[in-house]
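[1] Build me a structure from this.
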Amino acid sequence: MQETANRLVDALLASYTQVGGINHLDGKNLPSQRVIAALTSDLLRLLFPGFFDEHVLPSSAIRETTTQRVESVVPRLEGELYKSLEYAPPASTRRAELPALARELTMHFVEALPAVRELLQTDVQAAYGGDPAALSQDEVIVAYPFVEAIAVQRMAHQLYLRKVALIPRIMTEWAHRRTGLDLHPGGRSVCTSSWITAPGRWWARRRRSAPTCGSTRAWAWWPAALGRPGIARAETASHDPRPRHDLRGATIMGGDTVVGAGSTVGANVFLTHSVPANSLVLAEEVRVKVLSKTERAYAFDYQI
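    Next up is the predicted model:
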């Protein structure tokens, strides 16, 4: 048994050397996925007291409980932010300044939570007002997965704006695994079952079941704020106080594709160009063309 274990250890060590994919053992330590996942879960409890808890939270204990949670979150977040800053320090920042900067970022983040809560309330109101199947705003918070996904994204966005590396994406990917909704911390993203209409405005409707929002170019969903010239924004559904985009089973592709306000995109549509407001987009006379892979052409040619 010992001989087998030694062979396995030798093989793994050789793999670490040849392939990589390990944390920085002797240098800068990366933020911990496990710690950030636990932090994000605790932060959700701060945003929605009682909704993400197993036990009833009495009003008489709300101050004490909130104080305990803040005192628990702050040092752990500060530690992970220090790791992030050590991994990708701001320009002209000395190593000795990183602890103070981590503390500053932590306090800035915590102080922003009340504003994030106010913004999330508008998200919940929009979902409740737009979904006739919703019985109450409480139901939206406790049962709709988009609330958790958007709450995490809005928190991660605060760190993203301060150019914190790694942690914002770890947070949103944690929410992605839990909810199926992929929301980039930068604010524009490819999403699964909800739709982002414009920065700061979110809509999630049951009618829009499982649209595919992609791009014909790699990284097309990255926001311009990252300083990548020539990279387009993600697909956009124009803002409408009463959005009527259907998108049921549709595939929307292309970095410059804009679905006009009030438009309906029918099921199974493959859309690669913009459509004006109040359009009805249907799939008719779909043509399938099969080519040899050696010709390096698209295997399927859909004509709408």
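[2] if I look at F52, how far off is V164?
    Separation of F52 from V164 (CB to CB, to the nearest Å) stands at 24 Å. Backbone N, C-alpha and C define where each C-beta goes, glycine included.
[3] In the protein, which residue is most central in space?
    Closest residue to the average C-alpha location of the chain: L183 at 2.4 Å, with CA atoms, centre = their mean.
[4] sorry, back to before: which of F52 and V164 has more residues huddled nearby?
    V164 (23 against 17; other CB atoms under 10 Å).
[5] so that one sits in a helix?
    No: the assignment for V164 (DSSP: H, G, I helix; E, B strand; the rest coil) gives coil, which keeps it out of a helix.
[6] just checking, it touches K83?
    No: the pair V164 / K83 is not scored as a contact, 10.5 Å apart, by CB atoms under 8 Å.
[7] which neighbours do those two share?
    Here V164 and K83 have no joint contacts, going by CB atoms under 8 Å, 6 or more residues apart in numbering.
[8] any low-confidence regions in the stretch 1-150 of the chain?
    Counting by pLDDT under 70, the ranges of the stretch 1-150 of the chain that qualify are 16, 19-28, 56.
[9] now the helices: where do they sit in it?
    2-19, 33-47, 62-87, 98-111, 113-130, 137-143, 145-161 (DSSP state H, counting those that start in this stretch).
[10] Could you name the helices and strands sitting against the longest one?
    In this structure, helix 62-87 makes packing contacts with helix 33-47, helix 98-111, helix 167-179, judged by 3 or more CB pairs under 8 Å, 6 or more residues apart in numbering; DSSP states H and E.
[11] hang on, the earlier thing: what does the pLDDT read for the residue nearest to the centre of the chain?
    L183 is assigned 86 on the pLDDT scale.
[12] next one: phi and psi at it?
    Torsion angles at L183 (phi, psi; degrees, to the nearest 10) stand at phi -120, psi 120.
[13] Check the residue lying closest to it once chain neighbours are set aside and give its pLDDT.
    Counting by CB to CB, 6 or more residues apart in numbering, L183 lies nearest to Q153, which is 4.1 Å off, once chain neighbours are set aside. Looking at Q153, its pLDDT reads 94.
[14] Q153: how many residues sit nearby?
    So Q153, with other CB under 10 Å, has 26 neighbours.
[15] Check V259 too.
    27.
[16] Next: A100.
    By the criterion of other CB under 10 Å, A100 has 9 neighbours.
[17] Same question for the one 3 residues further on.
    As a burial measure, R103 scores 15 neighbours (other CB under 10 Å).
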